[in-house]
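Asker: Need a 3D model of the following:
(2 chains)
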Amino acid sequence: MMGTMAPEAPPPAREQQGTAREEWIALVRALCGGFIFAVPIIYTMEVWWLGHTLPLWKVLTILAAGYVLAVGMNYFSGYREDASWGEVFEDAMITQAVGIVVAFVMLVVMGVVTTASSLRVVLGQVSMLAVPIAFGASVARSQFLRAEEDDGEPPPSGWKADLRDLGMTVLGGTFIGLSIAPTEEVLMIASQSNLARLIAVVALSLLLSYAVIFAADFSGQSQRRATEGALQSPLAETFFSYVVSLGVSFVLISFLGFISGADSLLEVIAMVVVLGLPVTLGGAAGRLLL
Amino acid sequence: MKRESTAQSRVERLLFFISLALVLGVVGLLIWVEVAPGPRGSLVTGAITKVDRAGDRLTVHYAITNHGDEAIEEVQVRISAGEEEVSQPMSHLPMGITRRGVAVLDRVPAEASPEVRVEGYLLP
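Answerer: So this is what the prediction gives:
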C-alpha cells in the first residue's frame, strides 16, 4: 500500500530572500568578472572588425561553441556543488547573456557602436566579444570566491591599509594598463569621444571599481568594510583609487610618448580617461588579491 | 567556496529566462538581418566636418562613412576648393564605420568653398 506523501513546505521567506541576494551577488560578480577578464580584448580593434567581416555562419558557430565551452566551465568548476545538468545549462546561458550585455555596454561607451552603426555590424561585434566575456563571467562566478581567511594576524589598519591599497592599485593598474596603453585603440577611442561619452567612461569606471571591491562579494569584503583608515570607506576608497588609476594612466601615456606639446588639454584628458577604465579595473583586481 | 545546489529561486528562474530571451534574440536578429531583403552593396558618403582658414590656407576636416553592407578597400577621397585639390586614399573602410581625415589646401581664394567626394573604391 502506497503511503501518502506530505506536501513539500515552501522555503521560509528569509531563506528565499537569502537566495535572491545570493543570485544578485552572483550576477554582479559575473558582470565584474566579464569586464576584468575581457577588457584587453574589448580594446582590440581587430576584434571589432571581425564583427564586420565574419560571415553569419561563423558568428553563429562562435556563439554556439562559446555556449558549449561555458557549459563545460560551469560543469567542472561551477559555483554549485552537485549541480544538475539543467542548472549547468541555465548557468551557462546566464553567463552568455552577461557577455552580451557587457560587450554592448562597453562598445557603446567606447563609441564603437553608435546610432549610425548598422544592426548587422553591432550584432557581429557583440557576438564576437560576448564569448570571451562569458568566460570571464564563468570564472568570476566560480573561481574568485575565497573563504574568509584568519591567519591569526590582524589586518592592517589606518595608514598601513591605505598604503597597501595604494600599492596594489598601482601594481594592478600598471599590469593591465601596460597591455593596452601602447595600442592605437586608446588614441582612436579618445579622439572620437565627446564630453558626454567621457563622462560615461568616468561613471562606468567608478561603478565597476565600487562593484568589484564592495558589491561582488569576491573575497574579504566584510573585513575590508571593517578596516579603519582615512581612505577605507567604500566611497573614499573608490574615488581615491580612481584618482590613482588616472595618475597611472597619465604616466603610462606620457612615458610611451602619446602626449605631445601639440595636444590640447581635452585630448590629453580624453586619453587618460579612456585608458583609466582598464587601469581602474586592474587596480581593483589588484586590491582583490590582498 | 562553492554554493550548494538548491531548489531554484524565482530570481534565478527569472534571470535564466531573461538570459535565454537575450541570447535567442541576438541569434534571431543575426539570422533575420542576414536573410531580410535590404540594400546591398556599399554606399559611401563624404562630409566636411570642420574648416579652418588661415590666410589663403584651408584646413579641411572630413568624414567618410561606409553605409553599405560590406567592407571596401582603396577608397579614393578627393578634397577640393577652387582650383586646389588633394587626393587622399584610405586603404580599408569596414561597413558601418566612419573614418576622419584632414586635408590642407594652399592658395585658396576667399570665395572658394571646399568640397569632399569619394571618387572610387574596390569591392572585396
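
Asker: By proximity to chain B, which residue of the stretch 1-150 of chain A wins?
Answerer: Going by Cβ to the nearest Cβ, chain B is nearest to A:Ala97 of the stretch 1-150 of chain A, at 3.3 Å. Backbone N, C-alpha and C define where each C-beta goes, glycine included.

Asker: other SSEs contacting the helix or strand where that residue lies?
Answerer: Element membership for A:Ala97 (DSSP states H and E) is helix A:85-109. On a contact count with 3 or more Cβ pairs under 8 Å, 6 or more residues apart in numbering or on different chains; DSSP states H and E, helix A:85-109 meets helix A:13-42, helix A:56-77, helix A:119-143, helix A:195-210, helix B:10-35.

Asker: How about A:Met110, nearest residue that isn't a chain neighbour?
Answerer: Excluding the flanking residues, the one nearest A:Met110 by Cβ to Cβ, 6 or more residues apart in numbering or on different chains is A:Ile189, at 5.1 Å.

Asker: quick check, the one you found in a helix?
Answerer: Yes: counting by DSSP: H, G, I helix; E, B strand; the rest coil, one finds A:Ile189 located in a helix.

Asker: Count the residues that sit near residue 100.
Answerer: Let's take chain A. A:Ile100 is flanked by 25 other residues according to other Cβ atoms under 10 Å in any protein chain shown.

Asker: Let me rephrase: I mean chain B.
Answerer: The number of residues packed near B:Arg100 is 14, by other Cβ under 10 Å.

Asker: surely it meets B:Thr65?
Answerer: No: counting by Cβ atoms under 8 Å, B:Arg100 stays clear of B:Thr65, with 9.8 Å between them.

Asker: Quick check: the spatially most central residue of chain B vs B:Val60, distance?
Answerer: By Cα atoms, centre = their mean, chain B has its centre lying nearest to B:Ile97, at 1.7 Å. Note on B:Ile97: its distance to B:Val60, by Cβ to Cβ, to the nearest Å, is 20 Å.

Asker: related to what we said a few turns ago, nearest to A:Trp85 among the helices and strands packed on helix A:85-109 would be which one?
Answerer: Each of the helices and strands packed on helix A:85-109 has some distance to A:Trp85 by Cβ to Cβ; the shortest is helix A:56-77, at 8.0 Å.

Asker: Measure how that closest one sits relative to helix B:10-35, angle-wise.
Answerer: For helix A:56-77 against helix B:10-35, the angle by axes from the mean of the first three to the mean of the last three Cα atoms, to 10 degrees is 160 degrees.

Asker: what sits against the closest residue to chain A within chain B?
Answerer: At 3.3 Å from chain A, B:Ser19 is the closest residue in chain B, using Cβ to the nearest Cβ. By Cβ atoms under 8 Å, 6 or more residues apart in numbering or on different chains, B:Ser19 lies in contact with A:93-94, A:96-98.

Asker: ok, back up a step: could you double-check that the residue nearest to the centre of chain B sits in contact with B:Ile64?
Answerer: No: taking contacts as Cβ under 8 Å, B:Ile97 lies outside contact range of B:Ile64: 9.1 Å.
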